[in-house]
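Visitor: whatever this is, show me its structure:
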Amino acid sequence: MVDKPRGKTSHDVVEAVRRLVGFRQIGHFGTLDPLATGVLVLALGRATRLARFYAGRRKRYNCAVRFGFATDTYDSDGEASGPDAAPALGAGQLQTLAGRFTGKIPQAPPPFSAKKIHGRPAHELARKHKPVELAPVEVEVYEFRLTGVEGSVARFAVECGPGTYIRSLAHDMGVLHGAGAHLVEIARTAVGEFTLDHAMPLAELNEDAQAGNIAARVIPLENLLPELPRATVLPIIERRIQHGAKFNLPLAQIQPGQVTAAQSGFAELDSGEWKPARLRVFNQQGKLIAIAEPVVPRTYQPVVVLETAT
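Guide: Model prediction:
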(Lines give C-alpha, C1' and ligand atoms only; values in the text may rest on other atoms or scores of the structure.)
Protein backbone atom coordinates (compact mmCIF):
# COMPACT_ATOMS: atom_id res chain seq x y z
CA MET A 1 0.00 0.00 0.00
CA VAL A 2 1.64 3.22 -1.24
CA ASP A 3 1.08 6.88 -0.39
CA LYS A 4 1.09 8.13 -3.98
CA PRO A 5 2.93 11.41 -4.51
CA ARG A 6 1.41 14.31 -6.41
CA GLY A 7 2.34 14.51 -10.08
CA LYS A 8 2.79 10.76 -10.57
CA THR A 9 0.27 8.62 -12.42
CA SER A 10 -0.89 5.35 -10.87
CA HIS A 11 0.96 3.59 -13.72
CA ASP A 12 4.17 5.44 -12.73
CA VAL A 13 3.83 4.09 -9.19
CA VAL A 14 3.12 0.54 -10.40
CA GLU A 15 6.26 0.62 -12.56
CA ALA A 16 8.36 1.98 -9.70
CA VAL A 17 7.13 -0.72 -7.32
CA ARG A 18 7.61 -3.42 -9.98
CA ARG A 19 11.30 -2.49 -10.17
CA LEU A 20 11.68 -2.40 -6.39
CA VAL A 21 9.95 -5.65 -5.46
CA GLY A 22 10.79 -7.69 -8.56
CA PHE A 23 7.17 -8.70 -9.25
CA ARG A 24 6.06 -8.65 -12.87
CA GLN A 25 2.37 -9.08 -12.10
CA ILE A 26 1.17 -6.01 -10.18
CA GLY A 27 -2.31 -4.49 -10.20
CA HIS A 28 -4.13 -1.90 -8.12
CA PHE A 29 -7.46 -1.51 -6.37
CA GLY A 30 -8.46 1.79 -8.02
CA THR A 31 -6.41 4.47 -9.80
CA LEU A 32 -5.66 8.02 -8.72
CA ASP A 33 -5.30 11.10 -10.93
CA PRO A 34 -1.80 12.66 -11.16
CA LEU A 35 -3.04 15.58 -9.03
CA ALA A 36 -4.07 13.23 -6.21
CA THR A 37 -2.02 11.88 -3.34
CA GLY A 38 -2.80 9.17 -0.84
CA VAL A 39 -3.81 5.54 -0.64
CA LEU A 40 -2.98 3.44 -3.69
CA VAL A 41 -3.45 -0.25 -2.91
CA LEU A 42 -1.20 -2.48 -5.03
CA ALA A 43 -1.75 -6.20 -5.49
CA LEU A 44 1.22 -8.48 -6.13
CA GLY A 45 1.04 -11.79 -7.97
CA ARG A 46 -1.94 -13.92 -6.99
CA ALA A 47 -3.44 -11.06 -4.98
CA THR A 48 -4.46 -9.44 -8.29
CA ARG A 49 -7.16 -12.13 -8.53
CA LEU A 50 -8.90 -10.54 -5.54
CA ALA A 51 -9.22 -7.08 -7.14
CA ARG A 52 -12.81 -7.83 -8.21
CA PHE A 53 -13.89 -8.05 -4.56
CA TYR A 54 -12.59 -4.55 -3.85
CA ALA A 55 -14.35 -2.83 -6.74
CA GLY A 56 -17.31 -1.78 -4.59
CA ARG A 57 -15.36 -0.48 -1.60
CA ARG A 58 -16.12 2.92 -0.15
CA LYS A 59 -13.37 5.52 -0.46
CA ARG A 60 -12.56 8.56 1.66
CA TYR A 61 -10.91 11.79 0.53
CA ASN A 62 -9.79 15.14 1.89
CA CYS A 63 -10.00 17.77 -0.83
CA ALA A 64 -9.74 21.48 -1.50
CA VAL A 65 -12.05 23.25 -3.97
CA ARG A 66 -11.18 26.65 -5.43
CA PHE A 67 -14.23 28.81 -6.21
CA GLY A 68 -14.16 31.62 -8.76
CA PHE A 69 -13.69 29.84 -12.08
CA ALA A 70 -14.05 26.40 -13.65
CA THR A 71 -11.48 24.58 -15.76
CA ASP A 72 -11.79 22.19 -18.69
CA THR A 73 -10.31 19.30 -16.67
CA TYR A 74 -12.33 20.20 -13.53
CA ASP A 75 -9.03 20.55 -11.61
CA SER A 76 -6.07 22.91 -11.34
CA ASP A 77 -4.17 21.18 -14.17
CA GLY A 78 -6.67 22.47 -16.73
CA GLU A 79 -7.29 25.73 -18.54
CA ALA A 80 -9.59 28.30 -16.96
CA SER A 81 -12.94 28.67 -18.67
CA GLY A 82 -13.36 32.31 -17.64
CA PRO A 83 -12.04 35.16 -15.45
CA ASP A 84 -11.54 34.72 -11.72
CA ALA A 85 -14.62 35.91 -9.82
CA ALA A 86 -12.88 35.44 -6.42
CA PRO A 87 -16.15 35.15 -4.47
CA ALA A 88 -16.53 35.50 -0.73
CA LEU A 89 -17.48 32.12 0.69
CA GLY A 90 -19.82 31.45 3.59
CA ALA A 91 -19.60 28.21 5.57
CA GLY A 92 -23.38 27.82 5.81
CA GLN A 93 -23.88 28.25 2.09
CA LEU A 94 -21.10 25.80 1.26
CA GLN A 95 -22.41 23.08 3.57
CA THR A 96 -25.87 23.51 2.07
CA LEU A 97 -24.37 23.14 -1.41
CA ALA A 98 -22.48 20.02 -0.35
CA GLY A 99 -25.70 18.58 1.01
CA ARG A 100 -27.18 18.76 -2.49
CA PHE A 101 -24.60 16.18 -3.56
CA THR A 102 -25.10 13.71 -0.71
CA GLY A 103 -26.89 10.40 -1.25
CA LYS A 104 -27.50 8.70 -4.58
CA ILE A 105 -27.00 11.30 -7.31
CA PRO A 106 -26.57 11.37 -11.09
CA GLN A 107 -23.05 12.47 -11.99
CA ALA A 108 -21.50 13.22 -15.38
CA PRO A 109 -17.84 12.12 -15.56
CA PRO A 110 -15.28 14.81 -16.49
CA PRO A 111 -14.49 15.18 -20.21
CA PHE A 112 -10.84 14.52 -19.33
CA SER A 113 -11.35 10.98 -18.05
CA ALA A 114 -10.78 7.40 -19.13
CA LYS A 115 -14.47 6.83 -19.88
CA LYS A 116 -14.91 5.42 -23.37
CA ILE A 117 -16.81 7.06 -26.24
CA HIS A 118 -17.18 4.69 -29.20
CA GLY A 119 -14.18 2.77 -27.92
CA ARG A 120 -11.92 5.81 -27.41
CA PRO A 121 -11.01 7.35 -24.03
CA ALA A 122 -12.83 10.64 -23.54
CA HIS A 123 -9.61 12.48 -22.67
CA GLU A 124 -8.20 11.79 -26.16
CA LEU A 125 -11.15 13.62 -27.72
CA ALA A 126 -11.05 16.40 -25.12
CA ARG A 127 -7.36 17.11 -25.80
CA LYS A 128 -8.20 17.54 -29.48
CA HIS A 129 -10.99 19.95 -28.52
CA LYS A 130 -13.61 17.62 -29.92
CA PRO A 131 -17.06 17.45 -28.31
CA VAL A 132 -17.28 15.06 -25.38
CA GLU A 133 -20.70 14.00 -24.17
CA LEU A 134 -20.75 11.53 -21.31
CA ALA A 135 -24.05 10.33 -19.92
CA PRO A 136 -24.57 10.79 -16.18
CA VAL A 137 -24.31 7.67 -14.03
CA GLU A 138 -25.67 7.10 -10.55
CA VAL A 139 -23.07 7.34 -7.79
CA GLU A 140 -23.44 7.48 -4.02
CA VAL A 141 -21.90 10.06 -1.70
CA TYR A 142 -22.19 9.05 1.96
CA GLU A 143 -20.56 12.15 3.43
CA PHE A 144 -19.67 15.54 1.97
CA ARG A 145 -18.64 17.66 4.93
CA LEU A 146 -17.10 21.14 4.98
CA THR A 147 -13.94 21.21 7.11
CA GLY A 148 -12.64 24.72 6.51
CA VAL A 149 -12.70 27.91 4.41
CA GLU A 150 -9.62 29.93 3.44
CA GLY A 151 -10.50 32.84 1.17
CA SER A 152 -11.90 31.37 -2.05
CA VAL A 153 -10.80 27.82 -1.16
CA ALA A 154 -13.09 25.44 0.71
CA ARG A 155 -11.95 22.14 2.20
CA PHE A 156 -14.12 19.05 2.43
CA ALA A 157 -14.06 15.48 3.73
CA VAL A 158 -15.80 13.08 1.32
CA GLU A 159 -16.83 9.46 1.64
CA CYS A 160 -18.22 7.92 -1.52
CA GLY A 161 -18.94 4.74 -3.41
CA PRO A 162 -17.23 3.40 -6.55
CA GLY A 163 -17.24 5.46 -9.75
CA THR A 164 -17.53 8.84 -8.01
CA TYR A 165 -15.39 11.66 -9.46
CA ILE A 166 -14.40 14.23 -6.84
CA ARG A 167 -13.47 16.55 -9.72
CA SER A 168 -17.06 16.41 -10.90
CA LEU A 169 -18.33 17.17 -7.40
CA ALA A 170 -16.14 20.28 -7.33
CA HIS A 171 -17.21 21.38 -10.82
CA ASP A 172 -20.91 20.78 -10.18
CA MET A 173 -20.76 22.67 -6.89
CA GLY A 174 -19.31 25.62 -8.78
CA VAL A 175 -22.17 25.48 -11.26
CA LEU A 176 -24.73 25.64 -8.46
CA HIS A 177 -22.79 28.35 -6.65
CA GLY A 178 -22.68 30.42 -9.81
CA ALA A 179 -19.02 31.44 -9.67
CA GLY A 180 -17.53 28.21 -10.99
CA ALA A 181 -15.12 25.95 -9.11
CA HIS A 182 -12.40 23.38 -9.62
CA LEU A 183 -10.41 20.88 -7.56
CA VAL A 184 -7.00 22.07 -6.37
CA GLU A 185 -5.99 19.39 -3.86
CA ILE A 186 -7.08 15.85 -3.14
CA ALA A 187 -5.76 13.11 -0.87
CA ARG A 188 -7.34 9.68 -0.68
CA THR A 189 -7.32 8.69 2.96
CA ALA A 190 -8.96 5.25 2.75
CA VAL A 191 -10.02 2.47 0.39
CA GLY A 192 -12.17 0.08 2.37
CA GLU A 193 -10.05 -1.19 5.27
CA PHE A 194 -6.83 0.30 3.83
CA THR A 195 -6.03 3.67 5.42
CA LEU A 196 -3.47 6.40 4.84
CA ASP A 197 -1.76 5.92 8.21
CA HIS A 198 -0.55 2.51 6.98
CA ALA A 199 0.48 3.66 3.47
CA MET A 200 4.18 4.20 2.77
CA PRO A 201 5.87 6.81 0.58
CA LEU A 202 7.85 5.51 -2.39
CA ALA A 203 11.09 6.79 -0.85
CA GLU A 204 10.46 4.70 2.26
CA LEU A 205 9.65 1.65 0.15
CA ASN A 206 12.90 2.18 -1.74
CA GLU A 207 14.85 2.23 1.53
CA ASP A 208 13.20 -1.02 2.63
CA ALA A 209 14.03 -2.65 -0.70
CA GLN A 210 17.69 -1.68 -0.39
CA ALA A 211 17.75 -3.01 3.18
CA GLY A 212 16.11 -6.28 2.15
CA ASN A 213 13.04 -5.62 4.31
CA ILE A 214 10.44 -5.40 1.55
CA ALA A 215 8.67 -8.63 2.57
CA ALA A 216 7.69 -7.07 5.89
CA ARG A 217 5.70 -4.43 3.98
CA VAL A 218 3.54 -6.94 2.09
CA ILE A 219 0.12 -7.74 3.54
CA PRO A 220 -0.42 -11.54 3.42
CA LEU A 221 -3.29 -12.88 1.32
CA GLU A 222 -4.72 -14.39 4.48
CA ASN A 223 -5.31 -10.89 5.93
CA LEU A 224 -7.35 -9.66 2.96
CA LEU A 225 -11.17 -9.48 2.86
CA PRO A 226 -11.44 -9.80 6.66
CA GLU A 227 -15.16 -9.07 6.55
CA LEU A 228 -15.90 -12.33 4.74
CA PRO A 229 -16.64 -15.47 6.77
CA ARG A 230 -14.01 -18.19 6.63
CA ALA A 231 -13.77 -21.98 6.72
CA THR A 232 -10.85 -24.39 7.02
CA VAL A 233 -11.16 -27.55 4.93
CA LEU A 234 -9.61 -31.01 4.98
CA PRO A 235 -7.04 -32.06 2.35
CA ILE A 236 -9.61 -34.10 0.39
CA ILE A 237 -11.79 -30.96 -0.01
CA GLU A 238 -8.71 -28.84 -0.72
CA ARG A 239 -7.90 -31.02 -3.74
CA ARG A 240 -11.44 -30.59 -5.10
CA ILE A 241 -11.17 -26.83 -4.71
CA GLN A 242 -7.76 -26.75 -6.44
CA HIS A 243 -9.46 -28.27 -9.50
CA GLY A 244 -12.32 -25.73 -9.33
CA ALA A 245 -14.88 -28.35 -8.30
CA LYS A 246 -17.92 -27.79 -6.09
CA PHE A 247 -17.66 -28.89 -2.47
CA ASN A 248 -19.94 -29.40 0.50
CA LEU A 249 -19.38 -27.64 3.81
CA PRO A 250 -21.37 -27.93 7.06
CA LEU A 251 -22.56 -24.61 8.45
CA ALA A 252 -20.81 -25.41 11.74
CA GLN A 253 -17.40 -25.14 10.03
CA ILE A 254 -17.95 -21.52 8.98
CA GLN A 255 -16.69 -18.67 11.16
CA PRO A 256 -18.15 -15.16 10.75
CA GLY A 257 -16.00 -12.35 9.40
CA GLN A 258 -14.74 -9.43 11.45
CA VAL A 259 -18.06 -7.57 11.35
CA THR A 260 -21.67 -8.49 12.04
CA ALA A 261 -23.18 -11.42 10.17
CA ALA A 262 -25.37 -9.25 7.96
CA GLN A 263 -22.40 -7.07 6.94
CA SER A 264 -19.96 -9.90 6.35
CA GLY A 265 -21.72 -11.43 3.37
CA PHE A 266 -24.30 -13.51 5.20
CA ALA A 267 -27.89 -13.91 4.00
CA GLU A 268 -30.61 -15.07 6.36
CA LEU A 269 -32.56 -18.19 5.44
CA ASP A 270 -36.29 -18.56 5.96
CA SER A 271 -35.55 -21.04 8.73
CA GLY A 272 -33.65 -18.37 10.67
CA GLU A 273 -30.24 -19.92 9.96
CA TRP A 274 -27.39 -17.98 8.41
CA LYS A 275 -25.56 -18.95 5.26
CA PRO A 276 -22.53 -17.17 3.79
CA ALA A 277 -23.05 -15.43 0.45
CA ARG A 278 -19.28 -15.47 -0.10
CA LEU A 279 -16.62 -17.39 1.75
CA ARG A 280 -12.84 -17.41 2.29
CA VAL A 281 -11.49 -20.97 2.22
CA PHE A 282 -8.28 -21.95 4.04
CA ASN A 283 -6.34 -25.21 4.06
CA GLN A 284 -5.03 -27.01 7.14
CA GLN A 285 -1.77 -25.02 6.96
CA GLY A 286 -3.67 -21.73 7.28
CA LYS A 287 -3.18 -20.61 3.67
CA LEU A 288 -5.98 -18.87 1.79
CA ILE A 289 -6.74 -21.17 -1.14
CA ALA A 290 -10.00 -19.83 -2.63
CA ILE A 291 -13.01 -17.56 -2.52
CA ALA A 292 -16.25 -19.50 -2.95
CA GLU A 293 -19.95 -18.74 -3.36
CA PRO A 294 -22.97 -20.95 -2.57
CA VAL A 295 -24.80 -22.68 -5.43
CA VAL A 296 -27.31 -24.45 -3.18
CA PRO A 297 -27.43 -24.56 0.64
CA ARG A 298 -24.13 -25.95 2.01
CA THR A 299 -22.68 -26.52 -1.47
CA TYR A 300 -20.10 -24.01 -2.73
CA GLN A 301 -18.39 -23.21 -6.01
CA PRO A 302 -14.90 -21.70 -6.04
CA VAL A 303 -14.97 -18.41 -7.98
CA VAL A 304 -11.29 -17.59 -7.41
CA VAL A 305 -8.71 -20.33 -6.81
CA LEU A 306 -5.42 -19.12 -5.33
CA GLU A 307 -3.74 -22.49 -4.78
CA THR A 308 -4.07 -24.74 -7.83
CA ALA A 309 -3.20 -28.43 -8.09
CA THR A 310 0.35 -29.22 -9.19
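Visitor: surely M1 meets L44?
Guide: No: between M1 and L44 there is no contact under Cβ atoms under 8 Å: 11.1 Å. All C-beta spots, glycine's among them, are computed from the backbone N, C-alpha and C.
Visitor: so in this structure, where's the weakest helix or strand by average pLDDT?
Guide: Ranking every helix and strand in the chain by mean pLDDT, DSSP states H and E puts strand 266-268 at the bottom, with a mean of 47.
Visitor: ok, now how distant is the nearest residue to Q93 once chain neighbours are set aside from V65?
Guide: Nearest non-adjacent residue to Q93, counting by Cβ to Cβ, 6 or more residues apart in numbering: H177, 7.8 Å away. Per Cβ to Cβ, to the nearest Å, H177 is found 10 Å from V65.
Visitor: more neighbours: which of those two?
Guide: V65 (29 against 19; other Cβ atoms under 10 Å).
Visitor: who does the more buried one form a beta bridge with?
Guide: A154, L183 (DSSP bridges).
Visitor: wait, what's in contact with it?
Guide: V153, A154, R155, F156, A170, M173, G174, A181, H182, L183, V184 (Cβ atoms under 8 Å, 6 or more residues apart in numbering).
Visitor: same check on T102?
Guide: V141, Y142, E143, F144.
Visitor: what's the farthest-apart pair in these?
Guide: Using Cβ to Cβ, the two most remote members of those are Y142 and F144, lying 8.4 Å apart.
Visitor: what residue ranges in the stretch 1-150 of the chain score low on pLDDT?
Guide: 112-132, 134 (pLDDT under 70).
Visitor: where do the strands sit along it?
Guide: Here the stretch 1-150 of the chain has its strands, by DSSP state E, counting those that start in this stretch, at 2-4, 26-28, 37-40, 42-44, 59-67, 103-107, 116-117, 120-121, 137-150.
Visitor: now the ones you listed in TSV, with distance to L221?
Guide: Below are those laid out as TSV (distance: least, Cβ to Cβ, whole Å):
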stretch	distance to L221
strand 2-4	18
strand 26-28	14
strand 37-40	19
strand 42-44	10
strand 59-67	22
strand 103-107	34
strand 116-117	32
strand 120-121	32
strand 137-150	29
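Visitor: pick the one among the contacts of V65 closest to G192.
Guide: So of the contacts of V65, ranked by how close each gets to G192 (Cβ to Cβ), first place is F156, at 20.5 Å.
Visitor: which other helices and strands contact the helix or strand harbouring that closest one?
Guide: Using DSSP states H and E, F156 sits in strand 153-160. Judged by 3 or more Cβ pairs under 8 Å, 6 or more residues apart in numbering; DSSP states H and E, strand 153-160 is in contact with strand 59-67, strand 137-150, helix 166-177.
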